[in-house]
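[1] coordinates for the following, if possible.
(one chain, ligands or ions: 2)
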Amino acid sequence: MSATVAEILIDTLYQLGVRQIFGVVGDALNPLTDAIRRDKRIAWIGVRHEEGAALASFNNAAVGTSLGQANGIQALDRERQVVVAVGDGGFTMLLGEFMTSVEHGLPVKVVVFNNREWGLVHLEMEEAGLPAFAGSEFPNPDFAAFARSCGAQGYTVRTPEELDHGLQQLLETPGPAILDVFIDPDELPVMPHIKMEQIWRFGLAKVRESLIAMRGA
Ligand SMILES: Cc1ncc(C[n+]2csc(CCOP(=O)(O)OP(=O)(O)O)c2C)c(N)n1
Ligand SMILES: [Mg+2]
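    Ligands and ions are numbered 1, 2, ... in the order given. Next comes the predicted model:
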């Protein structure tokens, strides 16, 4: 019997290393969940809504969950200050959660590491010897202006010298607040284990990126 699209998809996901899928589906995706149930190699973990999926999968290093978690923690104990350190990509995945902080008067403080890119993904491409794709970079809104438009406070730091003052302003704000910290996109994250092979491929990717830049492609 020939395979269905859902079965091929599940097999491909399994080959790519996927072992759990968190989600909520409407009827249109029933064939997919049915294929997961029959296949048994991948576990289906049903949740009530998309944000729940992002939260439930935190043990798989899901980005985008931190402000939702911070709101929950701050609601449990309003006396202790909750500070969120979050990448710009992860933060913009669930930006609306900041309005939840405002609505419920949760005084969370958000420090956004603004490098205008999916930095780790960019590095992973280069580690594989590939020039980073254009799609790994993105424009951002003005996070401080966004905070103010929500009825909260927002501050911006563009140089290392401004950081201390920015953090002080942030922590002295009584309600929810965002500190938008501009980071050099070329700064490399410190990885726990680095193999010689990765260094070699990273160099190769940099040479390829230079050649592409010279060609103007
Ligand atoms: C929900 C989810 N989608 C995609 C990924 C893959 N991923 C791992 S790191 C990363 C980049 C995060 O970008 P950002 O938050 O801007 O942090 P940066 O690496 O730039 O510091 C992505 C997309 C993930 N871990 N979780
Ligand atoms: Mg980033």
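
[2] drop to CA atoms for contacts and neighbour counts, all remaining ones
    Will do.

[3] tell me which other helices or strands the helix ranked longest in the chain touches.
    When the chain is scanned for its longest helix (criterion: DSSP state H), the result is helix 196-215. Taking 3 or more CA pairs under 8 Å, 6 or more residues apart in numbering; DSSP states H and E as contact, the helices and strands that helix 196-215 lies on are helix 119-127.

[4] does the helix it packs on reach ligand 1?
    Yes. With CA under 6 Å from any ligand atom as the criterion, ligand 1 is reached by helix 119-127 at Gly119, Leu120, Val121.

[5] got it, and stretch 136-154?
    No. Stretch 136-154 does not reach ligand 1 (CA under 6 Å from any ligand atom); its nearest approach is 8.7 Å.

[6] that stretch vs ligand 2: in contact?
    No. Using CA under 5 Å from the ion, we find that stretch 136-154 stays clear of ligand 2, coming within 8.4 Å at best.

[7] can you offset everything so residue one is 353?
    Shifting the count to begin at 353 puts that one at stretch 488-506.

[8] quick one: contacts of that stretch?
    Counting by CA atoms under 8 Å, 6 or more residues apart in numbering, stretch 488-506 makes contact with 440, 450-451, 454, 468-471, 473-474, 507-508, 522, 525, 527-532, all of which sit outside it.

[9] now these: which count as buried?
    Buried by 16 or more other CA atoms under 10 Å: 440, 450-451, 454, 468-471, 474, 507-508, 522, 525, 527-532, out of the contacts of stretch 488-506.

[10] was I right to think Pro541 contacts Val473?
    No. Shown here, Pro541 and Val473 do not form a contact pair, counting by CA atoms under 8 Å, at 10.9 Å.

[11] next, the contact list for Val399, please.
    The contact partners of Val399, taken as CA under 8 Å, 6+ apart, are Phe374, Gly375, Val376, Ala405.
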